[in-house]
Every structure is written in structure tokens, then in C-alpha cells.
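Asker: below is the structure, and that's it, no one-letter string:
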């Protein structure tokens, strides 16, 4: 099993930037994708971005394309989410997830391991 720990959340103002980190441990050798999702109060968990653990493929939701960048550092078993030009509607708990599946990386059901989440709050 893979264990995931997110960090880097916080309270920022609109237009600011944050970088989230997700440190993976355990059986990371079977990981195909690492993904970021978020969940705002009263809303479903939504896909933000994903990256292939081996290779260069990345995926983004339309709502963050051009503002967020996902990257990884395999030597540290860490995935990052650089978030720029943050908006109040980006406020949510952000979750990191790991997938052993070659299915659609944009759906929650493709992921078998989840972190505990980190809160991001963007004030206007």
C-alpha cells in the first residue's frame, strides 16, 4: 500500500501563489498516476491534475489550466502542485492520490490511495 502526506496549504489572498507537496511512501513502484483533487464544502470531490509516475504525460481540469502546474520528483517520491493566480473559488481541501490503474486519471475511482488533505483558503 502507498501512504500519502500532503503539505503546503494555507490562507492566501486572491492572485497569490501556493505550492502543495505530496510525499509518497510504501509500495510506490506500482504507481501509474499521481493525482490532485479538491473538495469544497457541500460539493463533490473534483479532479484538478494528474501526472504519470513514469513518463511526461500531465492532465489538467479546464478550471486550472494555465494557472496550476503539476510536477514530480521521483527521487524524493514527491509530487507538487504549483498554484498561481489563485481565486476564491479555488478554496477547498486538496487531496493527493495514487493510482495503480491505467484507467482514466481524471476520475476518483481510478485511485487506490489518498492523503488526508490540506486546506487551501483564498480570500477576495
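Answerer: The structure has been received and is ready for your questions. Note that the structure is predicted; figures quoted are calculated from it, not measured. Numbers count the residues shown, from 1 in each chain.
Asker: what does the pLDDT read for the residue nearest the centre of the chain?
Answerer: Nearest to the mean C-alpha position of the chain, by CA atoms, centre = their mean, lies residue 36 at 2.0 Å. Residue 36 carries a pLDDT value of 98.
Asker: mind listing the residues bridging to it?
Answerer: residue 49, residue 96 (DSSP bridges).
Asker: can you tell me which residues contact it?
Answerer: Applying CB atoms under 8 Å, 6 or more residues apart in numbering to residue 36 gives the contacts 20, 22, 48-50, 70, 79, 81, 94-97. Every C-beta, even on glycine, is put in place using the N, C-alpha and C of the backbone.
Asker: ok, 6 Å please
Answerer: Residue 36 makes contacts with 48-49, 81, as judged by CB atoms under 6 Å, 6 or more residues apart in numbering.
Asker: who wins on neighbours among those residues?
Answerer: Within the contacts of residue 36, most neighbours by other CB atoms under 10 Å means residue 81, with 26 neighbours.
Asker: isn't it right up against residue 22?
Answerer: No - in this structure, residue 81 is not within contact of residue 22 by CB atoms under 6 Å, at 7.7 Å.
Asker: overlap in contacts, those two.
Answerer: With CB under 6 Å, 6+ apart, residue 81 and residue 22 have no common neighbours.
Asker: thinking again about what came up before, closest one of the contacts of residue 36 to residue 108?
Answerer: When those are compared for distance to residue 108 (CB to CB), residue 48 wins out at 11.5 Å.
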